[in-house]
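1. with the input below, show me the fold.
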Amino acid sequence: MSGRNAIVKMFSTSVIGQVLLSASNFIVGLLLIRYTSDSDYGLFILAQTTIGFATTAQAAWVSGPLAVLAAKRDPVLRRDMIGAVSISLRRYSFVMAVLLVLLVPVGALLGYWSWRIAAISTLTIAATWFALRRDFFRNLLQLYSRPGLLLRADLLAMATLIGFAALAAFGPFDADVVAVVGLIVSGWLGSAASGRVLGRDPGWVDDGQATLYWTQMRRLAVWSTVGALIYWVFSQSYNYVLAARVDLAAVADVNAARLLLMPSIVITVGIRGLLFPMASRWLVEIGFEALLKRLLVIFIAVGLLHAIYFGVLWLGRDFVTGTIMNKVIRDREELMLLWGGIALLGVVREVSQMAVLAMEKFKAMAYFSAVSAAASLSVMWFGLDYF
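-> Here you go, the predicted model:
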């Protein structure tokens with residue numbers, strides 16, 4: 001298979017995987033929204049938000065720097081580095097999870113939260129630990145350019161989560177507990193499947209140099225984490241601004257419209273995970289100018305997919321919002337156009353910054369994220385009064 005065909009196959013498989021992932025998340029959300037209480041669904045969202053924060057932090061501190069540095073090494077040194085980091089990461093994260101689990105009942109005994117919240121929190125910690133392992137292995141499969149194996153592991157996890165969401169919606173048990181247990185089981189199965197594949201090839205090898213590798217990664221990880229957490233806070237804060245300055249109905253309308261564009265957003269995020277290690281290798285193999293040309297081609301292809309999806313969604317917006325979601329969204333057309341523009345800008349951002357990250361300019365990206373977040377939140381805060 002030629003290099004171009006291999007790249008096309010990898011990206012096609014990645015896009016298919018992200019489409020299925022987006023569809024499964026939509027099904028899970030729809031089941032819980034329609035058939036469980038607001039408190040049950042709210043607790044599930046809080047659990048997912050916790051997992052999202054943890055995986056974002058891990059990706060910035062570990063997976064991103066590891067992908068940049070390991071991709072530029074020969075296969076043997078790459079295997080040694082990945083094995084040592086993975087084994088030490090498992091040990092550190094497990095100790096942290098155990099400490100957090102021990103703290104949860106202390107808060108309940110002191111009256112800071114109820115025992116029901118303590119139970120959900122304990123389950124969420126377990127779900128987060130398995131999600132961190134699964135996310136780390138997902139990034140490794142992308143680093144080794146194995147989207148087919150990644151897709152199979154994701155399908156197993158997605159099918160499991162949908163099954164537990166159906167059990168939460170229609171079963172006799174507490175919906176919030178069942179839904180969070182679903183996060184645990186899906187994360188465990190997804191991480192086990194991916195870890196088994198990676199254990200066979202390239203295998204887990206601990207060469208005793210984990211401290212050295214962490215030191216090498218730290219110079220990138222500090223700024224990567226700062227930028228990622230700034231961006232995460234910025235990308236989540238609009239809900240709090242709307243709730244404080246307008247009302248909760250505005251929060252619901254904006255997020256319902258955003259849900260319609262989630263397939264485009266999820267695909268962009270998936271392409272980023274696959275493209276990150278590839279861009280680092282391409283920079284070494286073909287140089288900066290050729291890397292930019294490849295990124296341009298990828299941007300055009302993903303942008304066309306986004307345009308096609310948005311066109312179909314626009315034509316079927318009445319059916320999607322009225323029949324499937326059973327929700328009236330105020331200013332629906334304006335919100336859809338705005339979220340569509342944001343999704344397209346996301347494609348530009350995610351693809352173009354690969355060149356910057358491949359050059360290890362993590363400090364610059366942290367600065368860009370901080371400036372962008374400050375500008376966006378300022379426009380949002382003061383623009384609400386004007387508009």
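
2. which residue ranges of the stretch 1-150 of the chain form strands?
-> Per DSSP state E, counting those that start in this stretch, the stretch 1-150 of the chain carries no strands over any range.

3. show me the shaky parts of it.
-> Along the stretch 1-150 of the chain, the model assigns pLDDT under 70 to residues 1-15, 38.

4. for the stretch 151-300 of the chain, give me the ranges with low pLDDT.
-> Looking at the stretch 151-300 of the chain by pLDDT under 70, you get 234, 236-237, 239-240, 243, 248-249, 251-252, 270, 273-274, 276.

5. can you give me the helices in it?
-> Remark: helices assigned in the stretch 151-300 of the chain by DSSP state H, counting those that start in this stretch are 175-200, 210-245, 248-260, 262-286, 288-315.

6. for the last one, packing partners?
-> Helix 288-315 sits against helix 3-35, helix 262-286, helix 332-358, with contacts defined as 3 or more CB pairs under 8 Å, 6 or more residues apart in numbering; DSSP states H and E. Backbone N, C-alpha and C define where each C-beta goes, glycine included.

7. helices or strands up against the helix or strand following it?
-> Using DSSP states H and E, the helix or strand that directly follows helix 288-315 along the chain is helix 317-319. Counting contacts by 3+ CB pairs under 8 Å, 6+ apart, helix 317-319 packs against helix 332-358.

8. what residues sit buried inside the helix it packs on?
-> Neighbour counts over helix 332-358 (16 or more other CB atoms under 10 Å) mark 332, 335-336, 339-340, 343-344, 346-347, 350-351, 353-355, 357-358 as buried.

9. quick one: mean pLDDT over that helix.
-> Taken as a whole, helix 332-358 has a mean pLDDT of 85.

10. relative orientation of that helix and helix 288-315 in degrees?
-> 160 degrees (axes from the mean of the first three to the mean of the last three CA atoms, to 10 degrees).

11. just checking, what packs against helix 332-358?
-> With contacts taken as 3+ CB pairs under 8 Å, 6+ apart, helix 332-358 sits against helix 64-70, helix 248-260, helix 262-286, helix 288-315, helix 317-319, helix 362-386.

12. which other residues reach the fifth one?
-> Think helix 317-319. Leu260, Arg332, Glu333, Met336 (CB atoms under 8 Å, 6 or more residues apart in numbering).

13. and of those, the nearest to Val320?
-> Leu260 (6.5 Å; CB to CB).

14. contacts only, for that closest one.
-> So Leu260 contacts Leu313, Arg317, Val320, Thr321, Met336, Trp339 (CB under 8 Å, 6+ apart).
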